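Q: Give the three-dimensional model of this entry:
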Amino acid sequence: MGVRIERVVTSGSFELDGGSWEVDNNVWIVGDDAEAVVIDAAHDASAIESALGGRRLRAILCTHSHNDHINAAAELGRRTGAPVLAHPGDEVLWRMVYPDREPDGPLADGDTLAVGGAELRVLHTPGHAPGAVCFHAPALGTVFTGDTLFSGGPGATGRSHSDFGTIIASIRDRLLVLPGETVVHTGHGDDTTIGAEAPHLDEWIARGH
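A: Okay, here's the model as predicted:
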């Protein structure tokens, strides 16, 4: 088979600012029969490794470094030998989870990562977190948005290291300019499309979502 997108849903806790919330996370696997990348290794390294089915794991990509998106990354990297890549802007969040371990490499705006004949382009989209990024795969007609954009609006900005005005600018300038038919694969919950979300930008701003 050619390149394809698979979702594994894992469950655990999101912890920040002294609070803890039970969450279900979307873990995305992009690749073909030979190789893959994982986007957001959350909660359960064994479940993610099983879904890989023995394929070579090229990299573990982090949309941001909140604990619920990276807490299985180090273990998955240890098991597979794959590097864990994260944006340096999230260093403070990363260290909350891994105080004694750095990411294996950085992600920067404009970087491209090839897997299974497809290309993922890194878009720096701060707001939910300072180092939040999205991964745009033009040939697959999709963008992986982590917690930057959901079905129904922007990701949360009410906790430390987040900012509403910044996330709105990121969504407006980096995501809503993508083709309307682009499928949005989110960090939690259901898919949406750029075209479905774009008309609601002014509503989000008005309600300070």
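Q: can we go C-alpha only for contacts and neighbour counts from here?
A: OK.
Q: Which parts of this protein are strands?
A: 4-16, 19-31, 35-39, 56-61, 84-86, 105-106, 112-115, 118-124, 133-137, 142-146, 149-150, 153-154, 183-186, 192-193 (DSSP state E).
Q: From the rest of the structure, what touches the fourth one?
A: Translated: strand 56-61. Strand 56-61 is contacted from outside by 34-41, 73, 77, 80-86, 115, using C-alpha atoms under 8 Å, 6 or more residues apart in numbering.
Q: State the mean pLDDT of that strand.
A: Mean per-residue pLDDT for strand 56-61: 98.
Q: Equivalent analysis for stretch 183-198, please.
A: Mean predicted confidence for stretch 183-198 is 98.
Q: Would you mind measuring the gap between the ends of it?
A: 12 Å (C-alpha to C-alpha, to the nearest Å).
Q: Report the distance from the lowest-mean-pLDDT helix or strand in the chain to the chain centre.
A: Ranking every helix and strand in the chain by mean pLDDT, DSSP states H and E puts helix 201-207 at the bottom, with a mean of 95. Distance of helix 201-207 from its chain centroid, counting by C-alpha atoms, centre = their mean, to the nearest Å, is 23 Å.
Q: what helices or strands is it leaning on?
A: Here helix 201-207 touches no other helix or strand, going by 3 or more C-alpha pairs under 8 Å, 6 or more residues apart in numbering; DSSP states H and E.
Q: Report the backbone C-alpha coordinates of it in PDB.
A: The C-alpha coordinates for helix 201-207 follow below in PDB (Å, rounded to 0.1, in the frame of the first residue of the first chain):
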ATOM      1  CA  LEU A 201     -13.000  33.200  12.800                       C
ATOM      2  CA  ASP A 202     -14.800  36.400  13.700                       C
ATOM      3  CA  GLU A 203     -17.100  34.500  16.100                       C
ATOM      4  CA  TRP A 204     -14.100  33.100  18.000                       C
ATOM      5  CA  ILE A 205     -12.500  36.500  18.300                       C
ATOM      6  CA  ALA A 206     -15.800  38.000  19.500                       C
ATOM      7  CA  ARG A 207     -16.300  35.500  22.300                       C
END
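Q: which parts of that helix are buried?
A: By neighbour count on 16 or more other C-alpha atoms under 10 Å, the buried set for helix 201-207 is empty.
Q: same thing with stretch 90-98?
A: Asp90, Glu91, Val92, Leu93, Trp94, Arg95, Val97, Tyr98.
Q: what's near enough to touch the nearest residue to Arg121 once chain neighbours are set aside?
A: Spatial nearest neighbour of Arg121, excluding adjacent residues (C-alpha to C-alpha, 6 or more residues apart in numbering): Thr112 at 4.4 Å. Applying C-alpha under 8 Å, 6+ apart to Thr112 gives the contacts Glu119, Leu120, Arg121, Val122.
Q: ok, now which ones touch the second one?
A: With contact taken as C-alpha under 8 Å, 6+ apart, Leu120 is in contact with Thr112, Leu113, Ala114, Phe135, His136, Ala137, Pro138.
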